[in-house]
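Asks: quick one: sequence plus predicted model below, questions after.
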Amino acid sequence: MKKIYHLSHIDLDGYGCQLVMSYTPYEIHSYNANYGTEVLERLNEILEAVKSHHDDAIILISDLNLYPSEARMLDNEVQQLCDKGREITIVLLDHHGSGEESAKKYAWYYLDTSRCATKIVYDYALEHFELKNHEPEWLQDFVDVINAVDLWHQEDVDNFEYGKVCMRLITETRELNRVMFNNEDRNYKLTLLKQAAALRKDAQSHIELDAAIHRFKKSFFIEGKDDTLDNLATAKVVSLLGDKRDTMTIYYKGYRGFLSYGVGNTSIIGNGFLLAYPEYDFIVDVSYRGTMSLRANNGVDVSLIAKEWANGGGHPNASGGRIQGFKEQFRYDKVKEQIEKIINKNESVAGTLAAKAEA
């Protein structure tokens with residue numbers, strides 16, 4: 001059975017597509033993107049994954065339109081793989097009229113503006129991905145909820161009102177960073193959607209769901225003693241950061257640091273990480289705009305690091321600055337490349353100055 005590499009949008013409809021596909025019997029590797037440069041970045045990430053394996057594959061794209069240059073690139077790359085004997089197919093299921101030009105050119109581009117992407121994927125999966133034998137009994141009704149709110153069918157009152165709450169459920173679910181923790185964040189959102197689907201019983205269920213959102217979120221994070229959502233989420237993030245130590249450790253002038261991206265709340269999460277993993281001298285979190293926040297626990301003076309890296313400053317255990325020329329990234333490995341260039345540059349300058357001083 002072919003592997004499916006599924007790229008979808010980051011709103012309710014986009015995650016609804018992935019909720020549907022989670023009930024098919026395929027091995028699915030999921031990705032998400034917002035519009036703009038992230039779409040091309042994720043397509044390249046998928047192509048890298050497809051090229052690194054020798055299995056047949058389906059590249060499934062939902063709730064995202066591709067502009068002609070993006071569609072051309074993807075089609076050319078897949079055709080090259082097929083010319084080498086691979087069996088790779090593209091399936092794009094979307095409802096945005098802005099994809100009409102690409103849809104007219106490529107047979108794999110299915111465009112239908114009368115249904116939301118979740119409903120298109122649902123109908124397609126029934127026919128092509130063996131969904132019929134695996135779907136839960138509530139799935140079709142929940143697809144109708146997403147369809148009503150995504151296409152703004154206010155006349156479908158019950159589905160529309162419930163869909164509005166589900167839409168907010170996704171947009172206000174920000175406890176996990178989707179660049180650092182893409183799989184965990186997606187699982188979080190899909191878990192919440194499944195809980196929301198199970199709660200729907202009658203015309204007043206949207207009110208019940210509105211009141212239950214906080215409880216649903218806490219239930220995802222709690223692993224023992226109850227606490228506030230903030231504390232539970234912080235503990236989870238610190239644990240997830242710890243799981244990624246092998247790939248996210250950096251070194252600077254003999255000090256061991258941890259590099260995170262877009263996590264935020266560095267005072268709480270950063271200090272929590274340093275207490276949980278005392279072998280680290282500092283942690284630095286870089287924002288999407290290139291501002292960085294450093295924390296230490298008396299292991300190193302991070303105000304000096306902030307000054308050397310970004311002409312910043314602050315206190316020995318809490319400092320920050322802005323990295324000049326930082327380019328926003330949608331992949332952690334590319335963020336780390338930028339930071340390691342700064343590290344190497346500063347260590348090289350320090351080495352040169354030391355050599356001159358000795359001479």
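Replies: Perfect, thanks for sending it.
Asks: the stretch 1-150 of the chain: helices as residue ranges?
Replies: Here the stretch 1-150 of the chain has its helices, by DSSP state H, counting those that start in this stretch, at 12-21, 37-51, 68-83, 100-105, 117-128, 139-150.
Asks: for residue 339, find the nearest of those.
Replies: Taking CB to CB, helix 37-51 is the member of the helices of the stretch 1-150 of the chain nearest to residue 339, at 18.1 Å. For the C-beta atoms, the positions are set from N, CA and C on the backbone; glycine is no exception.
Asks: quick one, phi psi at residue 25?
Replies: Taking degrees, to the nearest 10, you get phi -90, psi 30 for the backbone angles of residue 25.
Asks: look up how far residue 327 lies from it.
Replies: Remark: distance between residue 25 and residue 327 (CB to CB, to the nearest Å) = 40 Å.
Asks: what of residue 258?
Replies: On the measure of CB to CB, residue 258 and residue 327 end up 21 Å apart.
Asks: between these two, which one's more packed in?
Replies: Set side by side, residue 258 and residue 327 show more neighbours around residue 258, with 22 against 9, by other CB atoms under 10 Å.
Asks: ok, what's across the strand from that one?
Replies: Residue 258 forms beta bridges with residue 249, residue 283, as assigned by DSSP bridges.
Asks: just to revisit the earlier point, most neighbours per residue, which of the helices of the stretch 1-150 of the chain?
Replies: Using mean count of other CB atoms under 10 Å, the stretch among the helices of the stretch 1-150 of the chain with the greatest mean number of neighbours is helix 12-21 (a mean of 27).
Asks: check which helices and strands it sits against.
Replies: Applying 3 or more CB pairs under 8 Å, 6 or more residues apart in numbering; DSSP states H and E, one finds that helix 12-21 contacts strand 3-8, strand 27-32, strand 57-62, helix 117-128, helix 139-150, helix 157-171, helix 182-199.
Asks: between the ones you listed, which one is nearest to residue 268?
Replies: That would be helix 182-199 among the helices and strands packed on helix 12-21, by CB to CB, at 18.7 Å.
Asks: related to what we said a few turns ago, I'd like the helices and strands packed on helix 12-21 as JSON lines, with distance to residue 274 and mean pLDDT appended.
Replies: As requested, these are exported to JSON lines (distance: least, CB to CB, whole Å; pLDDT from 0 to 100):
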{"stretch": "strand 3-8", "distance to residue 274": "36", "mean pLDDT": "98"}
{"stretch": "strand 27-32", "distance to residue 274": "30", "mean pLDDT": "97"}
{"stretch": "strand 57-62", "distance to residue 274": "40", "mean pLDDT": "98"}
{"stretch": "helix 117-128", "distance to residue 274": "42", "mean pLDDT": "98"}
{"stretch": "helix 139-150", "distance to residue 274": "42", "mean pLDDT": "98"}
{"stretch": "helix 157-171", "distance to residue 274": "32", "mean pLDDT": "97"}
{"stretch": "helix 182-199", "distance to residue 274": "21", "mean pLDDT": "97"}
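Asks: so which of those gets nearest residue 270?
Replies: Of all the helices and strands packed on helix 12-21, the one in closest proximity to residue 270, counting by CB to CB, is helix 182-199 (19.0 Å).
Asks: list the buried residues of the closest one.
Replies: 182, 184-186, 188-190, 192-197 (16 or more other CB atoms under 10 Å).
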